[in-house]
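What follows is a predicted protein model with its sequence.
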Amino acid sequence: MTPDLFAEPPPPVPAAERAAELRAQLHHHAHLYYTLDAPKIPDAEYDRLFQELQAIEAQHPELMTPDSPTQRVGGAILKTLVPVRHSVPMLSIRTETDSSTSSPEKFESQIRNFLTSEQRRFVKGERGPLSQEAGRVLEGAVIDYVAELKFDGLAMSLRYEQGVLVRAATRGDGETGEDVTHNVRTIKQIPLKLPQDVPEVLEVRGEVYMRRDEFEVMNERQREKIAQGAKGEKTFVNPRNAAAGAVRQLDSRIARERPLSFFAYSWGEVVGDEKPPATQYDWLMRLKSWGFPVAEQTAVCRGANELVAFHRHIGEQRDALPYDIDGVVYKVNSLELQRELGFVSREPRWAVAHKYPAQEQLTTVQAIDVQVGRTGKLTPVAKLAPVFVGGVTVTNATLHNEMEARRKDVRVGDTVIVRRAGDVIPEVVSVLLDKREGDPPVFTMPTHCPVCGSDAVREEGEADHRCTGGLFCAAQRKQAILHYAQRRAVDIEGLGDKLVEQLVDSGLIKTLPDLYKLGLTALAGLERMAEKSAQNVLDALQKRRETTLPRLLFGLGIRHVGEATAKDLARHFGSLDRIMDASVDELLQVNDVGPVVAQSIRTFFEQAHNREVVEQLRAAGVHWPENDGEHNTPQPLLGKTFVLTGTFPTLKREEAKAMLEAAGAKVAGSVSKKTDYLVAGAEAGSKLDKAQELGVAVIDEAAMLGLLGGAD
Ligand code: IVH
């Protein structure tokens, strides 16, 4: 027994030590978050540390300190923004992350239990009688709630005196916030003046936030500024931090450029209210009538069941909303009941926030793999230490392509923030650079396909690398076979999506030529494949052993070689071998083949694997008529460019074009410096003017026929 392997686990870190460590960390991150608007960890990570500290303090009350972050809601105040004391404190609400059913039920039973104990106190003479409303609830009446969205922005209190906006303040620690009126005035959704009938003093509370699309636009602009070398600019991690940063700017011109929005959901001090509403919902409708945005999803729910349904319904819509929410909020609708329920410490008993799973989490990159898609696209994928985010356990996050991976500078061993919203593929948002150890190598794309070893290339002007072993590469098998079998290619009837899937998955087919080795027993042995249909597929394969060169060529799935190019290539070269051996220069002489297409054909046939597959197809009896092609006929006009205009005495325009092309010339649609000859007939127009202007040779039909005859 080696002591190393079987030693006792290390003793737990003593609670006092851990609590002190957590406090230091939480202070540090709260400072980064609240004061500097530059958080380094996702909210969920902060919450986790916070909850760990709360748990320790609950277990060991003697360890509680007055300066513990659990005793304070917000962060320190920047000296340069003026502090504002809230006349009515800005409270926070209890947060639940439980399953969708248990939270509303728990909330409701807590309300009933509290009212029952208050009733007992009344019986004992410790308090006055309960309201009629509370009485009805105690007798079993349904409780009405208002269900709202929990916006993921920052809380704001807007103070109006005689209907005029006089001050906007952040929440700060709930008692004292900061005066940010200068910035809030720039938010177009916030009214500066209210209608006549509002109370003398009115504090409207709600959330300042940034829409996701506006956030993307703004971050794109930031990226451009950084790329242009602007100093002191940065991109933002998420819309909430961007909003918080904008609101707390000292210079309101900066805030004005940041697109902020607002939702109202509550109120603070109110003086001179002539007709105070009786419910939360009526208050919201009143705020709406005064011009404040109130989310349209706000709903009155009767009983816990309807809250459960609301939570589920909004959860389904969450990703389609134009802004981030991190949960929903339930509030008792009756204000009288709200007053009766009151507060525990700093949280109302009449409200609870019910969160959704966090969409961002912290994890580490264990490796960066490169995956090959069905079409040959190579995608770098970060392999992550498993992490629960957006409701599922995530172990992979796409890095899209080499440029993206480098822009984010993701490296093996890094600590990263991953985001997963809805069904969107998880992605790495950013790297925590200060957690990087050593100097791990920068990510580079492999030069060869990790699946089949063929060359991996990136074409000019494209972001993606691609595998060039289309016919051979296992990752592209299904795609390659389907492409080959389609009607416009070799046209094998009955060989569709599902069958190809089955054939490849069962291992019956690895590369194209295997198609021709299929036997009746194997085919008919596949699920849902009757003997008759199996025989039909075999017949179709047999029938199409005889095909044409353009069909076969298109069927090979060479990138950029569509049906038309395949026809041009076949016409020009006449045989597959000549195409396979053609140089880029030779390929460039084919009508409509430019450098990208020529290179793609070249690279395809440079892959030994692809050539092998072609040989195997031939060996399997696939054949097609070949000829000498056009390249062997004399091409006196090779490399010359012609433009045709006007009406010719004997030839139709199309005839002239065909004759020129057969002689190796290119026929273009408009005159440019590259034009060698303009062939002008009767009533030639602007093309003639242009040719004269550029000094291009202008000839008539007879001269053209002369050139075709071989004279230059
Ligand atoms: S009500 C006394 N309603 O969540 C109740 N808060 O801790 C005061 N929030 O700081 C808050 N959406 O920033 C309320 N519909 C909503 C909310 C909401 C977002 C935020 C707010 C507050 C925190 C609650």
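Structure's in. What do you need?

what packs against whichever strand or helix holds residue 283?
Mapping residue 283 onto the secondary structure by DSSP states H and E places it in helix 280-289. Helices and strands in packing contact with helix 280-289 are listed as strand 144-151, strand 261-271, helix 335-341; criterion 3 or more C-beta pairs under 8 Å, 6 or more residues apart in numbering; DSSP states H and E. Every C-beta, even on glycine, is put in place using the N, C-alpha and C of the backbone.

Residue 456 in helix, strand or coil?
Under the three-state scheme (DSSP: H, G, I helix; E, B strand; the rest coil), residue 456 adopts strand.

can you pull up the bridge partners for it?
residue 467 (DSSP bridges).

can you pull the buried residues of stretch 174-186?
By 16 or more other C-beta atoms under 10 Å, the buried positions in stretch 174-186 come out as 174, 176, 177, 178, 180, 181, 182, 183, 184, 186.

re the thing from before, out of the helices and strands packed on helix 280-289, which gets nearest to residue 674?
Each of those has some distance to residue 674 by C-beta to C-beta; the shortest is strand 261-271, at 53.9 Å.

quick one: is the closest one near the ligand?
Yes. Shown here: strand 261-271 in contact with the ligand (C-beta under 6 Å from any ligand atom) through 265, 266.

Just name whatever secondary elements that strand is in contact with.
Strand 261-271 is packed against strand 144-151, strand 154-161, strand 201-209, helix 280-289, with contacts defined by 3+ C-beta pairs under 8 Å, 6+ apart.

picking that back up, can you put the helices and strands packed on helix 280-289 in TSV and add mean neighbour count?
As requested, those are arranged in TSV below (neighbours: other C-beta atoms under 10 Å):
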stretch	mean neighbour count
strand 144-151	24
strand 261-271	19
helix 335-341	17
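
will you turn those into CSV that also has mean pLDDT and distance to residue 127?
Output for those, formatted as CSV (pLDDT from 0 to 100; distance: least, C-beta to C-beta, whole Å):
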stretch, mean pLDDT, distance to residue 127
strand 144-151, 98, 24
strand 261-271, 96, 26
helix 335-341, 96, 10
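
that older thread, mean confidence (pLDDT) on the helix holding residue 283, please.
Along helix 280-289, the predicted confidence averages to a pLDDT of 96.

from here on, count from 114
Taking 114 as the first residue, the last one we looked at is helix 393-402.

What are the contacting residues of that helix?
Under the criterion C-beta atoms under 8 Å, 6 or more residues apart in numbering, residues 259, 317, 377-378, 380, 390, 407, 411, 413, 444-448, 451 lie in contact with helix 393-402.

now check the helix or strand that it is followed by, is it near the ligand?
Helices and strands here follow DSSP H and E; after helix 393-402, the next one along the chain is strand 412-415. No. Remark: strand 412-415 sits outside contact range of the ligand, by C-beta under 6 Å from any ligand atom, the gap being at least 12.0 Å.

and of the buried residues of stretch 287-299, the nearest to the ligand?
Using C-beta to the nearest ligand atom, residue 287 is the member of the buried residues of stretch 287-299 that lies nearest the ligand, at 8.4 Å.

For residue 766, see how far away the closest one is.
When C-beta to C-beta, to the nearest Å is applied, the distance between residue 287 and residue 766 equals 82 Å.

next one: residue 153
With distances defined as C-beta to C-beta, the gap from residue 153 to residue 766 amounts to 69 Å.

Over to residue 160?
When C-beta to C-beta is applied, the distance between residue 160 and residue 766 equals 74 Å.
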